[in-house]
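Q: just the structure for this:
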Amino acid sequence: MEMIIGGAYQGKTEYAKKEYPDLIWEEGSSLSREELFAAEGVLNFHEFIRREIKAGREVSDLAEVLIRENPKVVLVSQEVGYGVVPIDAFDRKYREAVGRVCTRLAAYSHKVTRVACGIGMVIKND
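A: Modelled structure (predicted):
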């Protein structure tokens, strides 16, 4: 597994597509769990988590299930935990869920790249 992370509008998608031009990229905002488990690459993985929470589905085991079902996927996710803590309860729950899931996935990943201003910085490479 590999993760590409970064803040909003920092060039993660462009970076991922340039690094992996042969991957078939799926959009996290419209992916089912079954499609996630079969995807080569997932853009906006944080939006997949948002949809799962909105639908009332538990995501606490998502990292473990994903690493078991699709260990070669490349995930692109926004880092949503920086900045002001949201007032809205759902937004706080979502922010925490993305942070926890991505933290566990980063531990499982062989490579994690953080993108800032379109520049990828490898922060883990096992």
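Q: now the element after the strand or helix carrying Glu34, going C-ward?
A: Following DSSP states H and E, the helix or strand that holds Glu34 is helix 33-38. From helix 33-38 onward toward the C-terminus, using DSSP H and E, the following helix or strand is strand 41-43.
Q: quick one: average confidence on that following strand?
A: Looking at strand 41-43 alone, the average pLDDT works out to 98.
Q: over to stretch 2-12?
A: Taken as a whole, stretch 2-12 has an average pLDDT of 96.
Q: please save the CA atoms from that stretch in CSV.
A: Extracted C-alpha coordinates of stretch 2-12, given in CSV (Å, rounded to 0.1, in the frame of the first residue of the first chain):
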residue,chain,number,x,y,z
GLU,A,2,1.1,3.5,-0.6
MET,A,3,-0.4,6.8,0.6
ILE,A,4,-0.1,10.3,-0.9
ILE,A,5,-1.3,12.9,1.6
GLY,A,6,-1.4,16.7,1.8
GLY,A,7,-3.6,19.7,2.4
ALA,A,8,-6.4,21.0,0.3
TYR,A,9,-5.4,22.2,-3.2
GLN,A,10,-1.7,21.2,-2.8
GLY,A,11,-1.4,19.2,-6.0
LYS,A,12,-1.9,15.7,-4.7
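Q: list the buried ones in it?
A: Applying a neighbour-count criterion of 16 or more other CB atoms under 10 Å, the buried positions in stretch 2-12 are Glu2, Met3, Ile4, Ile5, Gly6, Gly7, Gln10, Gly11, Lys12. In this view, the C-beta of every residue, glycine as well, is placed from N, C-alpha and C.
Q: from the rest of the structure, what touches stretch 87-97?
A: Contacts of stretch 87-97 from elsewhere in the structure, counted by CB atoms under 8 Å, 6 or more residues apart in numbering, are Ile49, Arg50, Ile53, Lys54, Val59, Val80, Gly81, Val85, Pro86.
Q: now that we have those residues, which one has the most neighbours?
A: Of all these, Ile49 has the most neighbours under the rule other CB atoms under 10 Å, reaching 23 neighbours.
Q: and the contacts of whichever strand or helix holds that one?
A: With elements taken from DSSP H and E, the one containing Ile49 is helix 45-54. Residues outside helix 45-54 that contact it (CB under 8 Å, 6+ apart) are 27-29, 31, 33, 36, 42, 58-59, 62, 75-78, 80, 90, 93-94, 97-98, 101-102.
Q: fine, thanks again, bye for now.
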